[in-house]
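Asker: got a sequence here, can you build the structure:
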Amino acid sequence: EEKLNLDDSQWEDIHVVTGALKMFFRELPEPLFPYCFFEQFVEAIKIQDNTTRIKSIRNLVKKLPTPNYDTMKILFEHLKKIAAKESVNLMSTQSLGIVFGPTLLRPEKETGNMAVHMLYQNQIVELMLSEYSKIFG
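Answerer: Okay, here's the model as predicted:
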């Protein structure tokens, strides 16, 4: 509800903007990828056959609540544009997966598998960026 003046000099630093974006997603009552979908996305990313893996992720994305789907589509479209300028900003799909994976997708209760979960979280974001048109098209 706070009015933001994006012309304010505090928004010139891209790290402030990205930090605010990550904080917004981290502080949602439930992640952008709802808790009830966490294990399903993890199982999908484990699929060995790439075509089947993409199809499985696409089917899960289509099952998301409309606000989550719409937000995800816009966010990933934006992140894809960032990855396209990797030579300038040094943010590859892998880097974006590392930065956004744990923020957008996490289990409701943390278990001893945090490191393994983090790997899958990163891979899911990477795949969704690299296969954006197949998943959201």
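Asker: mind listing the strands for this structure?
Answerer: Using DSSP state E, the chain contains no strands.
Asker: residues contacting stretch 83-97, please?
Answerer: For stretch 83-97, contacts defined as C-beta atoms under 8 Å, 6 or more residues apart in numbering pick out 79, 82, 99, 121-126, 129-130. In short, each C-beta sits where N, CA and C put it, glycine included.
Asker: again with stretch 46-61
Answerer: By C-beta under 8 Å, 6+ apart, stretch 46-61 touches 37, 40-41, 44-45, 69, 72, 120, 124, 127-128, 131, 134-136.
Asker: mind naming the longest helix for the chain?
Answerer: helix 66-84 (DSSP state H).
Asker: circling back: quick check, nearest of the contacts of stretch 83-97 to Ser9?
Answerer: Of all these, Ser9 sits closest to Ile82, with 22.4 Å by C-beta to C-beta.
Asker: so who does that closest one touch?
Answerer: 89, 91, 96.
Asker: roughly how far apart are the second one and Glu126?
Answerer: Read it as Met91. The gap separating Met91 from Glu126 is 12 Å, by C-beta to C-beta, to the nearest Å.
Asker: more crowded one of these two?
Answerer: Glu126 (21 against 17; other C-beta atoms under 10 Å).
Asker: okay, now the unreliable bits of this protein?
Answerer: 1, 11, 112 (pLDDT under 70).
Asker: can I get the contacts of Ile82 in TSV with distance to Glu12?
Answerer: TSV is the format used below for those (distance: C-beta to C-beta, whole Å):
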residue	distance to Glu12
Asn89	15
Met91	18
Leu96	22
